[in-house]
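Novice: what follows is a predicted structure for the sequence shown.
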Amino acid sequence: MLERIKDSFTHSIQTKIDASESLPESIEKAAEMMVQCLLGGNKILACGNGGSAGDAQHFSAELLNRYEIERPPLPAIALSCDTSTITAIANDYSYDEIFSKQIMALGQPGDILLAISTSGNSGNVIKAMEAALSRDMTIVSLTGKDGGAMAGLLSVNDVEIRVPSNSTARIQEVHLLAIHCLCDNIDRTLFPQDEQ
Ligand SMILES: O=C(CO)[C@@H](O)[C@H](O)[C@H](O)[C@H](O)COP(=O)(O)O
Ligand SMILES: [Zn+2]
């Protein structure tokens, strides 16, 4: 078991090294999009399943509360939080619509959808992207593997952050780092500090 634990650390570190080569430009572009969105008075909606639902909530908590510096709250909503709404939609319609129906109600033109899926193939995240596009929102996707069906829904207005790995766990570990990089870039751009 000790060897398995050490292997997990080694694979996680190597995935982060690989991602440090391929992801910084897309993370920077996504952060710039988010800054423009927030400056325009818009908001960021985030969604995902399982561990990625946790990531969506982690992101919205950093914006709504704070990341590393003192600054005013910023508008973000994780769509995985309202169990009454989610169970009603899943029960009356389908699980695939739990995010898209919320987006049709809450999404405004100029808002951003942060769509998180390691496979890029979760039906409810795909429907969320379709709903966001129909509301004239833009999309930042956090994916992995081959990008899945989500990759095919993105246009030049959107940003794909695809982790170069086939392991769900390793991809999620890089997603959290990418989320922290997004928060850092947003904060440092909107609220420049004396010592950076
Ligand atoms: O956290 C984990 C695995 O590490 C799981 O909860 C995982 O997020 C779930 O199986 C998700 O349903 C996977 O969905 P996705 O990443 O393919 O969209
Ligand atoms: Zn997990």
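Specialist: Perfect, I can see it now. Ligands and ions are numbered 1, 2, ... in the order given.
Novice: residue contacts, the residue nearest in space to the middle of the chain?
Specialist: In the chain, the centroid-proximal residue (Cα atoms, centre = their mean) is Leu114; its distance is 3.7 Å. By Cβ atoms under 8 Å, 6 or more residues apart in numbering, Leu114 lies in contact with 44-47, 56, 59, 140, 142. Yep, even glycine has a C-beta here, placed from its N, CA and C like the rest.
Novice: against which helices or strands is the helix or strand hosting His58 packed?
Specialist: His58 belongs to helix 51-64 when elements are defined using DSSP states H and E. Contacts defined by 3 or more Cβ pairs under 8 Å, 6 or more residues apart in numbering; DSSP states H and E place helix 51-64 against strand 44-47, strand 76-78, strand 112-116, helix 168-190.
Novice: with distance to ligand 1 and mean pLDDT added, can I get those in a markdown table?
Specialist: Output for the helices and strands packed on helix 51-64, formatted as a markdown table (distance: least, Cβ to the nearest ligand atom, whole Å; pLDDT from 0 to 100):
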| stretch | distance to ligand 1 | mean pLDDT |
| --- | --- | --- |
| strand 44-47 | 10 | 98 |
| strand 76-78 | 14 | 98 |
| strand 112-116 | 7 | 99 |
| helix 168-190 | 5 | 98 |
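Novice: for Asp96, find the nearest of these.
Specialist: Asp96 lies closest, by Cβ to Cβ, to one member of the helices and strands packed on helix 51-64: strand 44-47, at 12.0 Å.
Novice: which parts of the protein sit against ligand 1?
Specialist: Taking Cβ under 6 Å from any ligand atom as the measure of proximity, the chain contacts ligand 1 at 49-52, 117-119, 122, 125, 168-169, 172.
Novice: and these, which two are the farthest apart?
Specialist: Counting by Cβ to Cβ, the most remote pair of the residues of the chain next to ligand 1 is Val125 and Ala169, 18.1 Å apart.
Novice: list the buried residues in stretch 117-132.
Specialist: For stretch 117-132, burial by neighbour count (16 or more other Cβ atoms under 10 Å) applies to 117-122, 124-129, 131-132.
Novice: out of these, list just those in strands.
Specialist: Among the buried residues of stretch 117-132, no member falls in strands (DSSP state E).
Novice: closest to Met104 out of the residues of the chain next to ligand 1?
Specialist: Val125 (15.1 Å).
Novice: how close does the nearest residue to the closest one once chain neighbours are set aside get to Asn124?
Specialist: Closest residue to Val125 apart from its sequence neighbours, by Cβ to Cβ, 6 or more residues apart in numbering: Ser117 at 4.6 Å. Separation of Ser117 from Asn124 (Cβ to Cβ, to the nearest Å): 9 Å.
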